[in-house]
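Enquirer: sequence first, then the predicted structure:
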Amino acid sequence: MARLVAAIALAGLGWAASAAAAESILLIDDLGNRIRLAAPPRRIVSLAPHATELLFAAGLGERVVAVDPDSDHPPAARALPKVGALPEPPVERLLALRPDLVVAWAPAVRPGFVERMSRLGLPVFVSDPRTLDAVAASLVRFGQLRGHAAAGSAPAGSDVAGSDAEPAGQAAVRFTQALVALRARWAGREPVSVFVQIWSDPLITITDRDIIGDAIAACGGVNVAAGLPGAAPRIDVERVLAAAPKLVVATDSPDSAARWRRLGVLRPEGPARFAHLDPVVLQRPGPRILEAVEALCREIDAARERQAAGRLR
C-alpha cells in the first residue's frame with residue numbers, strides 16, 4: 001500500500017522535496033507553477049472549499065489561519081477568519097494575515113494574480129484536481145507541507161497506512177481503496193447516457209474535463225456532453241434532446257425536472273429518469289466526493305435498470 005501512495009504522488013505531477021535543504025520544499029501546482037518554500041508553511045490561507053478540506057485531511061488544519069466564505073467543512077473551518085476569493089482576494093487582507101502560503105482554485109484565479117502575490121512575498125499554490133485520482137494525489141502533495149520531520153515521506157515498503165505521522169498518506173490510501181472498490185463495483189455494466197445540468201439559464205453542463213465527468217465514467221455512465229470545449233460550457237436544449245439521455249442530473253435545483261418533462265425527456269413520456277444531487281460535495285474535488293459519486297452511481301444504475309426493462313417490453 002505504501003507503494004500505491006508513492007505512485008499516486010508521482011503520477012499526479014505533484015511535489016518534489018528539494019535536495020539542497022532537508023526542510024525546504026519545492027511544489028509544482030496544478031497549473032505547472034513551481035513554488036519553492038524555505039520551510040514548511042505555518043500560516044496557510046485557503047481560498048477554496050475543496051482545498052480547505054484537503055488541507056485538513058492532510059493534517060494541516062492547525063496551520064490554516066483563514067478560509068474563503070464557502071469553506072464549511074470540516075466544522076473547525078467554520079470558525080476561522082474569512083477571506084473573500086471572488087472576484088479577487090483583497091490584497092490588504094491577505095497581507096494582514098501574514099500567510100507563508102496561499103492555496104487558490106484555478107477557475108477563480110485571475111490572470112496576473114499569482115505573479116502579483118509573488119512580488120509581495122506571498123507564494124500561491126493553485127489547486128485544480130480534475131479527476132478522482134487527482135484528489136488522492138493532492139492529499140499526498142499537501143502532506144509534504146507538514147515537513148519531513150512531521151510528515152516523514154515513508155520509503156517504499158514501509159507501513160505508511162499505519163503511520164500516525166502520515167495523515168495525508170493514510171487519507172490518500174483510504175480514498176484510493178474506496179475509489180478502486182467503487183470502480184470495480186460498477187465496471188462492466190451496460191453504459192447509460194447521462195446529461196448533467198449545473199445551471200438552467202443559460203443551460204450549462206459539464207464535460208469530461210471536469211471531475212463530475214470522471215465520476216460519470218466511474219459509474220459506467222456516458223456523458224453526452226463529454227466532447228464539448230472547456231469544462232463547463234453552455235449547451236443548446238436541442239443538442240440535449242438529440243442525445244436522448246437516459247438520466248438527467250441537475251445540481252442546481254430539483255425544480256428543473258418540470259422543464260425536461262415539458263420537453264418530453266423525462267418519464268413517463270420520455271426515456272429518461274431525473275435526479276437532483278446536492279452540488280456541495282459532488283462539485284468539490286475533495287476527500288468527501290466519493291460519497292456523492294456513490295449517490296450518482298445509484299441513480300445511473302436505476303436508469304440502467306429502466307433501460308433494460310424498456311427493451312423487454
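Expert: Done, it's in.
Enquirer: buried sites along the helix ranked longest in the chain?
Expert: In the chain, taking DSSP state H as the definition, the longest helix is helix 289-312. Neighbour counts using 16 or more other CB atoms under 10 Å place 289-290, 292-297, 299-301, 303-304, 306-307 of helix 289-312 among the buried residues. Yep, even glycine has a C-beta here, placed from its N, CA and C like the rest.
Enquirer: from what I see, Glu294 and Leu182 are in contact.
Expert: Yes: judged on CB atoms under 8 Å, Glu294 makes contact with Leu182 at a distance of 6.8 Å.
Enquirer: name the helices or strands packed onto the longest helix of the chain?
Expert: Judged by 3 or more CB pairs under 8 Å, 6 or more residues apart in numbering; DSSP states H and E, helix 289-312 is in contact with helix 132-143, helix 167-186, strand 192-197, helix 211-218, strand 247-250, strand 273-276, helix 279-282.
Enquirer: 6 Å instead, please
Expert: strand 192-197, helix 279-282 (3 or more CB pairs under 6 Å, 6 or more residues apart in numbering; DSSP states H and E).
Enquirer: now for Ser118, how many residues are close by?
Expert: Neighbour count for Ser118, taken as other CB atoms under 10 Å: 13.
Enquirer: got it, and Asp72?
Expert: Asp72 has 14 nearby residues by other CB under 10 Å.
Enquirer: without its sequence neighbours, what residue ends up closest to it?
Expert: Arg78 (5.6 Å; CB to CB, 6 or more residues apart in numbering).
Enquirer: what is the burial count for that neighbour?
Expert: 11.
Enquirer: any idea how far Asp70 is from it?
Expert: As judged by CB to CB, to the nearest Å, Arg78 and Asp70 stand 11 Å apart.
Enquirer: go on, Gly188?
Expert: For Gly188, the distance to Asp70 equals 38 Å [CB to CB].
Enquirer: which is the next helix or strand following the least confident helix or strand in the chain by mean pLDDT?
Expert: In the chain, the helix or strand scored least confidently by mean pLDDT, DSSP states H and E is strand 15-17, which has a mean of 39. Downstream of strand 15-17, the first helix or strand assigned by DSSP states H and E is strand 25-28.
Enquirer: can you give me the offset of that next one from its chain's centre?
Expert: Centre-to-centre, strand 25-28 and its host chain are 20 Å apart (CA atoms, centre = their mean, to the nearest Å).
Enquirer: what lies in contact with the helix or strand just after that strand?
Expert: The helix or strand immediately downstream of strand 25-28 is strand 34-37, counting by DSSP H and E. The contact list for strand 34-37 (CB atoms under 6 Å, 6 or more residues apart in numbering) reads Ile25, Leu26, Leu27, Ile28, Pro123, Phe125.
Enquirer: recalculate using a threshold of 10 Å.
Expert: The contact list for strand 34-37, computed with CB atoms under 10 Å, 6 or more residues apart in numbering, reads 15-16, 18, 20, 23-29, 100-102, 114, 118, 123-126, 144-145, 147.
Enquirer: so how far is Leu31 from Asp128?
Expert: When distance is defined by CB to CB, Asp128 is 7 Å away from Leu31.
Enquirer: touching both of these two, which residues are there?
Expert: Shared contacts of Asp128 and Leu31 (CB under 10 Å, 6+ apart): Ala104, Ala106, Val109.
Enquirer: just the ones of these in strands?
Expert: Among the shared contacts of Asp128 and Leu31, DSSP state E puts Ala104 in strands.
Enquirer: low-confidence ranges in the stretch 201-313 of the chain?
Expert: The model of the stretch 201-313 of the chain has pLDDT under 70 over residues 267-269, 310-313.
Enquirer: residues near Ala181, how many?
Expert: 10.
Enquirer: if you could redo that for Arg174, that was the one I meant.
Expert: 16.
Enquirer: in the sheet, who's paired with the closest residue to Pro245 other than its chain neighbours?
Expert: Among residues not flanking Pro245 along the chain, Phe195 sits closest, at 4.0 Å (CB to CB, 6+ apart). Per DSSP bridges, the residues bridged to Phe195 are Val248.
Enquirer: please give me every residue in contact with Phe195.
Expert: Neighbouring residues of Phe195 by CB under 10 Å, 6+ apart: 203, 205-206, 216, 223-225, 235, 239-241, 243-250, 260, 265, 272.
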